[in-house]
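Undergrad: Output the structure for:
(6 chains)
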Protein chains: 4
Amino acid sequence: MPSRTPDAGRRSETSRRAIYAAALGLVEETGYPKTTIEGIAARAGVGKQTIYRWWGSKADVLLEAFLDLGEQQAAGEAAPGIPDTGDLAADLKLVLRATVDNLLDPRFDGPARALSAEGLVDEKLGRAVVAKLLEPNFDLYVERLRSARDAGQLRPDLDPRIALELFVAPIAQRWLQRTAELSYGYTDTIVDYALHGIAPR
Amino acid sequence: MPSRTPDAGRRSETSRRAIYAAALGLVEETGYPKTTIEGIAARAGVGKQTIYRWWGSKADVLLEAFLDLGEQQAAGEAAPGIPDTGDLAADLKLVLRATVDNLLDPRFDGPARALSAEGLVDEKLGRAVVAKLLEPNFDLYVERLRSARDAGQLRPDLDPRIALELFVAPIAQRWLQRTAELSYGYTDTIVDYALHGIAPR
Amino acid sequence: MPSRTPDAGRRSETSRRAIYAAALGLVEETGYPKTTIEGIAARAGVGKQTIYRWWGSKADVLLEAFLDLGEQQAAGEAAPGIPDTGDLAADLKLVLRATVDNLLDPRFDGPARALSAEGLVDEKLGRAVVAKLLEPNFDLYVERLRSARDAGQLRPDLDPRIALELFVAPIAQRWLQRTAELSYGYTDTIVDYALHGIAPR
Amino acid sequence: MPSRTPDAGRRSETSRRAIYAAALGLVEETGYPKTTIEGIAARAGVGKQTIYRWWGSKADVLLEAFLDLGEQQAAGEAAPGIPDTGDLAADLKLVLRATVDNLLDPRFDGPARALSAEGLVDEKLGRAVVAKLLEPNFDLYVERLRSARDAGQLRPDLDPRIALELFVAPIAQRWLQRTAELSYGYTDTIVDYALHGIAPR
DNA sequence: CGGTAAGCGAGACGGTACGTCATGTCTTAAC
DNA sequence: GTTAAGACATGACGTACCGTCTCGCTTACCG
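TA: Numbers count the residues shown, from 1 in each chain, chains lettered A, B, ... in the order given. Predicted structure coming up:
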């Protein structure tokens, strides 16, 4: 009975961390397409089999490495929610400006872009990326919008899950597809348009 | 400047068309990652060198093939603009419903998704994809929105280039990243929210 | 010195033998120029890299395969020296007749001719061919001639290394360059001329 | 009626000479294997088809070019025969020393070696090389040896066609196969051994 | 506490595709 | 009608990675 699942208890923590570091480093330095499993293994000082034993693909490795990186950074930070000062417009503008800063940081841009790209074409990976990277953020927006709606600051019949896309999708598109420049002025305008509509009042 | 440029006058039209057909066929049947230049050449009955002579990469081939396909289809069709019945909301809902239909057509989805994915990671290709696939469409929205604005149906200070993203980006995100289902109800809602804002009136 | 040398201990004996067989078979069936490394790999059921890992060129492979073939055949045979019955002329005639038989055997002719040809033009290979195919045979002649000289049957000042060429080179030339037919009568004549000179006695 | 043979009358003399020069130059500079028909055409400023129209292979071109070179040099030189001073040994030593000089001249060595190599493996070419390069020389030896025999300086029953190989083949082998160094002392010894035999007198 | 089975680094293996090069055929325009 | 030019289908080149495998080794765990 050839067991298909390796024994996670015996797994080498050192190797795992080295693989994460190697994967992130290579993607940042040489780009995702030129990053190879052989290259990761070599840089991590690890046998190829150790990677194949624990991950299914190059993208899997990178996704985990990237998530780990996120946890690492999030460790010593403030509460993860969207601030609620009562002024929805101001809160959204603040958060979106921070998002822009994040998106333009090459440490984030490289892996996130690569994972997104791979996810477009590989459905399974795409769903994982969405579930682990996007959904948690979306949930924060939903929560904040729902609270604003309940405070009477938004249409009472509003669907927050849809509404959040008005803020998030335009920015994501400019970032991912490079359709135009990202700037604070731009994100502020988006908040304004989305909140009050583009029709005359 | 001893350019390596081949003589386009001598180019074989037959081969070019065969390569387009092979590329589109293979992407549809086996997916983009499994589509190889060798495979395209073989199916097109063409030497590999003929591909390398005229294109720089697999993605380049597919982009041209896809554009050619678009022109082919557009040949016998109506005017390409967004309708202008005077009712902006209705016009937008109509167009966006048609867009959804288009996005869900596997003949379109396969290549367009693959090109988008590659473009995320390959900046040069990405810019080409945006310029040739997205911009022309964006221009139509700009035109329609500007006309509505001039007719007093939109804020007089509106920036149409930004405004169009409220309609287009959410749909693009749902399609590309599979963040949620695309439906007519959804696009109608987007038009509603974007036109009149999510705040109470 | 980070040599690229692979680990010979891990080498696959099976593959090596399959490659030898494929190389010899293809050369015999299709000729050396039409024999390709890809073809050898395919027939041997082996990856190309396995050939490139261990050999530097098609000719290298064939040389080793041919040497291996020689060892295989020599395994169950008599002593490899030139017979010494005391009658030098007879001994030489016998050996040279056997050599002619060997040269005309297509199993030998194909590879040996190909290696010789490649060796003419590729100096490194040429030296290897001479060292591994010719020199060992030459040494046998040197030994036999020296013994005859010490027995007073040859000039006391004779240089055996030069003398052997009188027997060997004419035959080699007829075989390799096809300058004329090889026959027992011919080799007998060569022995006669070389031993006693072409001048009247 | 597609004529198979091109009209030699219209042939471009300029191109032919340019091709000869290019072929010889490339073989000398880069070696025969790296010399390509495309390379010859490019250096000669000639279309590939012009080469394919008049020659059957790279080796054919080189053979003709090399023969042409020989004729060029032979134009302003002395009678081509082997001298006949009455002293056969001296005459042969002289000629063989000159032969050695010739063989070691890189202008000769390059093409001659390449043609010989190709001829070993390509029988048709080999026969042409022998007929055009070797036979004419052999004939000179036959003539000289026959004259010496008729003058009583050689065995009356001697076969000159065989005898000449005692002089020529050893030198050819040392040159082509690099089995040992060529020197005047060596050729003198060969003449001595061949004339008087290696047995004691 | 000594035996054994797992994970591990290493890397050879059969494959597939890469991008390049040369082959020999063909077409075009210029002379 | 030959020529220079060069596009074309073909096919081998040598390289890079893929994912699988086998080798000793070290390192727990268990009997």
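Undergrad: Show me where chain A dips below the pLDDT cut-off.
TA: A:1-4, A:78-79 (pLDDT under 70).
Undergrad: And the residue sitting nearest the centre point of it, how far from A:Gly126?
TA: Centroid-nearest residue in chain A: A:Leu133, 3.8 Å away (criterion: CA atoms, centre = their mean). A:Leu133 is 11 Å from A:Gly126, where distance means CB to CB, to the nearest Å. In this view, the C-beta of every residue, glycine as well, is placed from N, C-alpha and C.
Undergrad: ok, the residue nearest to the centre of chain A touching A:Pro111?
TA: No - in terms of CB atoms under 8 Å, A:Leu133 does not count as a neighbour of A:Pro111; the distance is 10.2 Å.
Undergrad: between these two, what contacts are shared?
TA: Residues touching both A:Leu133 and A:Pro111 (CB atoms under 8 Å, 6 or more residues apart in numbering or on different chains): A:Phe66.
Undergrad: Can you confirm whether the helix or strand hosting A:Ala59 lies near chain B?
TA: If you go by DSSP states H and E, A:Ala59 is part of helix A:58-74. No - on the criterion CB under 8 Å from any CB of the partner chain, helix A:58-74 is out of touch with chain B, staying 11.1 Å away.
Undergrad: counting contacts, what elements does that helix pack onto?
TA: When contacts are defined as 3 or more CB pairs under 8 Å, 6 or more residues apart in numbering or on different chains; DSSP states H and E, helix A:58-74 packs onto helix A:13-30, helix A:37-44, helix A:106-121, helix A:123-129.
Undergrad: excluding its backbone neighbours, what's nearest the closest residue to chain D within chain A?
TA: Ranked by CB to the nearest CB, the top residue of chain A for proximity to chain D is A:Lys34, at 31.6 Å. Of all residues beyond its chain neighbours, the one nearest A:Lys34 is A:Leu26 (7.8 Å), with distances taken as CB to CB, 6 or more residues apart in numbering or on different chains.
Undergrad: Contacts only, for the one you found.
TA: A:Leu26 neighbours (CB under 8 Å, 6+ apart): A:34-35, A:39-40, A:43.
Undergrad: go on, A:Ala114?
TA: Per CB under 8 Å, 6+ apart, neighbours of A:Ala114: A:27, A:31-32, A:59, A:62, B:120-121.
Undergrad: ok so, going back, kindly indicate whether the residue of chain A closest to chain D is helix, strand or coil.
TA: Secondary structure state of A:Lys34, per DSSP: H, G, I helix; E, B strand; the rest coil, is coil.
Undergrad: tell me the phi and psi of it?
TA: phi -80, psi -10 (degrees, to the nearest 10).
Undergrad: Can you give me the neighbour number for it?
TA: 10 (other CB atoms under 10 Å in any protein chain shown).
Undergrad: gap between A:Ile37 and B:Asp139?
TA: Relative to B:Asp139, A:Ile37 is positioned 43 Å away (CB to CB).
Undergrad: domain ranges for chain A?
TA: A:8-74, A:88-196 (automatic domain parsing).
Undergrad: Which of those domains has the highest mean neighbour count?
TA: domain A:88-196 (a mean of 18; mean count of other CB atoms under 10 Å in any protein chain shown).
Undergrad: Next, count neighbours for the residue of chain A found nearest chain B.
TA: At 3.2 Å from chain B, A:Gly197 is the closest residue in chain A, using CB to the nearest CB. A:Gly197 has 21 neighbours, counted by other CB under 10 Å.
Undergrad: For the closest residue to it other than its chain neighbours, list the residues it contacts.
TA: Leaving out its chain neighbours, the residue that sits closest to A:Gly197 by CB to CB, 6+ apart is B:Gly197, at 3.2 Å. Shown in contact with B:Gly197 (CB under 8 Å, 6+ apart): A:193-197, A:199.
Undergrad: How about the contacts made by the nearest residue to A:Val95 once chain neighbours are set aside?
TA: Counting by CB to CB, 6+ apart, the nearest residue to A:Val95 once its immediate chain neighbours are dropped is A:Ile82, at 5.2 Å. Contact partners of A:Ile82, counting by CB under 8 Å, 6+ apart, are A:91-92, A:95, A:140-141, A:143-144.
Undergrad: what do you get if the cut-off is 10 Å, keeping everything else the same?
TA: A:Ile82 makes contact with A:88, A:91-92, A:94-96, A:137, A:140-145, A:147 under the criterion CB atoms under 10 Å, 6 or more residues apart in numbering or on different chains.
Undergrad: For chain A, what lies in contact range of DNA strand E?
TA: Chain A comes close to DNA strand E at residues A:3, A:6-7, A:10-12, A:14-15, A:18, A:44-50, A:53-54, as judged by CB under 7 Å from any atom of the strand.
Undergrad: my read: A:Ala169 touches B:Arg174, true?
TA: Yes - A:Ala169 lies in contact with B:Arg174 (CB atoms under 10 Å); the separation is 8.2 Å.
Undergrad: and for those two, which residues touch both?
TA: In contact with both A:Ala169 and B:Arg174: B:Ile190, using CB under 10 Å, 6+ apart.
Undergrad: Show me how far the helix holding A:Ala59 is from its chain's centre.
TA: Here helix A:58-74 is found 10 Å from its chain centre; the criterion is CA atoms, centre = their mean, to the nearest Å.
Undergrad: and the angle from the next helix or strand after that helix to helix A:106-121?
TA: Per DSSP H and E, helix A:58-74 leads on to helix A:88-104 as the next helix or strand towards the C-terminus. Counting by axes from the mean of the first three to the mean of the last three CA atoms, to 10 degrees, helix A:88-104 lies at 90 degrees to helix A:106-121.
Undergrad: Lovely, talk soon.
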